[in-house]
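[1] need coordinates for the following:
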Amino acid sequence: MDHAARSFARSGSLNALTATAMTNSNPTPSMPVEEAVVAGRELDIAVAEIVLQFHAEVAPKDAHGNHGGTKVLVPPGNTLSEFESVLPKVGPIPAGIFVLNYSTDIEYAWRVVERMRSRSWFMEFDNQDGPYVTFWKKYHRDERIGRRGKTVPEAICRAAIAALSGPSGKRTTP
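    Below you'll find the predicted structure:
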């Protein structure tokens, strides 16, 4: 894990699993996570963890007794053992095996919007100078949090993470 990823992990904005996934994006310590991570697996994992509340579980050893002990993100309300029949029998289990392409596919990005709406967050979209998404909490329209992206799914994901991170950059209770 590089210096910037460790800084994010220490700040409480991300846990170590997400910070490790960010190491290829070269963020600077002063850059918010939603700005530092480009669309792709790193942002998808951050969304799964922060917005969709996936939780980490320890993977079991494979059929040969190897590769156990790694952390795997699991959807809320599920356990890793429930997915035993679809897990690889040999080799490591990727941390984001259950994480969808939220930041690159509008169908999956819309699940992020639905999750935010279920928590009383409203969304507004603008495309005047490129995709820009704003979220605000019910009865707090003056406290808008918006982010830009190269695509609409990327903007949705960045804005959702920023909204749940609050003004201090630390995660708020959803």
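[2] work out for me the element Phe125 sits within.
    strand 121-126 (DSSP states H and E).
[3] can you map out the helices along this protein?
    Assigned helices in the chain, in chain order: 3-11, 16-21, 33-36, 41-50, 106-118, 152-165 (criterion: DSSP state H).
[4] check the residue of the chain positioned farthest from its centre and give its pLDDT.
    Of all residues in the chain, the one whose C-alpha sits farthest from the chain's mean C-alpha position, using C-alpha atoms, centre = their mean, is His64 at 31.8 Å. At His64, the model reports a pLDDT of 87.
[5] I'd say it and Pro88 touch.
    No. In this structure His64 lies outside contact range of Pro88 using C-beta atoms under 8 Å: 11.5 Å. In short, each C-beta sits where N, CA and C put it, glycine included.
[6] tally of neighbours for His140?
    11 (other C-beta atoms under 10 Å).
[7] give me the helices and strands touching the strand holding Phe125, please.
    Counting contacts by 3 or more C-beta pairs under 8 Å, 6 or more residues apart in numbering; DSSP states H and E, strand 121-126 is packed against helix 106-118, strand 132-137, helix 152-165.
[8] where does pLDDT dip in this structure?
    By pLDDT under 70, the weakly predicted segments of the chain are 1-37, 141-142, 167-174.
[9] per-domain residue ranges of it.
    Using automatic domain parsing, the domains assigned to the chain come out as 3-52+101-165, 56-86.
[10] pick the most deeply packed of those.
    Among the domains of the chain, judged by mean count of other C-beta atoms under 10 Å, the one packed with the most neighbours on average is domain 3-52+101-165 (a mean of 19).
[11] span of stretch 135-143 from start to end?
    In terms of C-alpha to C-alpha, to the nearest Å, the two terminal residues of stretch 135-143 are separated by 9 Å.
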